[in-house]
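Peer 1: Give me the fold of what follows.
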Amino acid sequence: MRHIRTAVLGAAILALIVSACSLGGGSQASRGTIASQLSLAGPPECPERPFCLKGLTATYGITFKEFKPTDAGGPITIEALKRGDAQVGLLFTSDPAIAVNGFVLLRDDKQLQLADNLVPVVRQAAIDANPVITDALNGVMAKIDQATLTDLNKQVTVDGSAAADVAKAWLDAQGFTFSGGSGTVKVGSTNFYEQEILGEIYAQVLEQAGLTVERKFQLGSREIVFPALESGDIDILAEYAATALEFVNKGAGEASTDPVATVAKLNERLVGMGGLVALDPAAATDQNGFVVTRETADKFGLVSISDLAKPAP
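Peer 2: Residues are numbered from 1 along each chain as shown. Down below sits the predicted model:
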């Protein structure tokens, strides 16, 4: 009798152990992806936008625990990340807040976003008169990666340094030696601070190459600066490949995630527009980006957006 009760007790204990193991395994499986443990903060329209939550689901196959409507890459999103109300936030890829707060910009490894890489748009007549313009501006673009652009923005908009001083310090560090320019060119910008910073860099590198540069910054929207380019009121403008293409083609949807292909298509559409040409794109972009705090990145091993689709630890 005693032997039977011991056997029964042993069987019961074994069953409990097996059950506990099964529950543990089931609990691990039910945790889902890393994204399913996190909340996303972004503009209210994000769930329906192809380059926001809708696109993240379609392209990356990820679903977040919760979506929290905040703003379009603004202070409410930033504060939500800092407070921990959300763990992933939509900011623009060159936002100085990324550097200021030590956020990690997740790499768009499946290329959800269109290629809004920096690209100079120049009047062909200016290039014909001074071929060094092409070499100098392409040389500048080759040096501006994402971290560089974000830091340039931070120095001006957060640290309060003058764009001219920031541009000079950066150009001095590059050691460019372009020469052979002569005459005058006019560099313009819209009312966007980043374009003015880039315009100042363009102006100074061309001055180093021997040209006289007239600055025409803060001109207004694209509806103003593109006619100014066509008419010759300005010769050079810092632009963004996909956005510029969709502006000149009136929203025909020709921009892609490939910066080289997008710039090539932009050049096709610039034919006949007062002799304009787009030069080489930079690696740096100003487009939708998804960021996390350094703590979240380290906790989950996040480098790219695809990492959000990995099983939760």
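
Peer 1: Would you mind splitting this structure into its domains for me?
Peer 2: According to automatic domain parsing, the chain comprises the domains 1-30, 35-113+288-309, 118-278.

Peer 1: could you dump those to JSON lines with mean pLDDT and mean neighbour count?
Peer 2: From N, CA and C alone the C-beta is placed, and that goes for glycine too. Shown next, in JSON lines, are the domains of the chain (pLDDT from 0 to 100; neighbours: other CB atoms under 10 Å):
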{"stretch": "domain 1-30", "mean pLDDT": "36", "mean neighbour count": "9"}
{"stretch": "domain 35-113+288-309", "mean pLDDT": "97", "mean neighbour count": "19"}
{"stretch": "domain 118-278", "mean pLDDT": "97", "mean neighbour count": "19"}
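
Peer 1: Let me see the ranges of the strands in the stretch 151-300 of the chain.
Peer 2: According to DSSP state E, counting those that start in this stretch, the stretch 151-300 of the chain carries its strands in the segments 184-188, 212-216, 236-240, 276-278, 288-292.

Peer 1: Contacts for the first one next, please.
Peer 2: Read that as strand 184-188. Residues outside strand 184-188 that contact it (CB atoms under 8 Å, 6 or more residues apart in numbering) are 126, 130, 133, 199, 202-203, 206, 211-217, 219, 225, 228-229, 233-237.

Peer 1: The third one too?
Peer 2: Contact with strand 236-240 is made by 116-123, 126, 133, 137, 185-189, 194-195, 198-199, 202, 225, 229, 278, 285-287, as judged by CB under 8 Å, 6+ apart.

Peer 1: who does it pair up with?
Peer 2: Its sheet considered, strand 236-240 pairs with strand 118-123 (antiparallel), strand 184-188 (parallel) by DSSP bridges.

Peer 1: And the next helix or strand past the first one?
Peer 2: Remark: after strand 118-123, the chain's next helix or strand is helix 124-129, criterion DSSP states H and E.

Peer 1: Which strands and helices lie in contact with that next one?
Peer 2: helix 132-143, strand 276-278 (3 or more CB pairs under 8 Å, 6 or more residues apart in numbering; DSSP states H and E).

Peer 1: Distance to Ala72 added to those, as a markdown table?
Peer 2: Output for the helices and strands packed on helix 124-129, formatted as a markdown table (distance: least, CB to CB, whole Å):
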| stretch | distance to Ala72 |
| --- | --- |
| helix 132-143 | 27 |
| strand 276-278 | 27 |
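
Peer 1: Let me know which of the ones you listed is the nearest to Ser306.
Peer 2: Closest of the helices and strands packed on helix 124-129 to Ser306 is helix 132-143, at 27.4 Å (criterion: CB to CB).

Peer 1: In the stretch 51-200 of the chain, what residue spans correspond to helices?
Peer 2: Applying DSSP state H, counting those that start in this stretch to the stretch 51-200 of the chain gives helices spanning 53-55, 75-83, 96-101, 124-129, 132-143, 146-157, 163-174, 193-208.

Peer 1: Run the angle between the longest one and strand 236-240 for me.
Peer 2: With axes from the mean of the first three to the mean of the last three CA atoms, to 10 degrees as the basis, helix 193-208 and strand 236-240 are set at 140 degrees to each other.

Peer 1: Give me the distance between helix 193-208 and the centre of its chain.
Peer 2: Here helix 193-208 shows a centroid-to-chain-centroid distance of 20 Å under the convention CA atoms, centre = their mean, to the nearest Å.

Peer 1: Kindly report the same for stretch 241-250.
Peer 2: The chain centroid and the centroid of stretch 241-250 are separated by 17 Å under CA atoms, centre = their mean.

Peer 1: Can I get that stretch in CSV, CA atoms only?
Peer 2: This file holds the C-alpha atoms of stretch 241-250, laid out as CSV (Å, rounded to 0.1, in the frame of the first residue of the first chain):
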residue,chain,number,x,y,z
ALA,A,241,15.9,63.3,-54.3
ALA,A,242,12.4,61.7,-53.8
THR,A,243,10.7,64.9,-52.7
ALA,A,244,12.2,66.9,-55.5
LEU,A,245,11.2,64.3,-58.1
GLU,A,246,7.6,64.1,-56.9
PHE,A,247,7.5,67.9,-56.9
VAL,A,248,8.7,68.3,-60.5
ASN,A,249,6.6,65.4,-61.8
LYS,A,250,3.6,66.7,-59.9
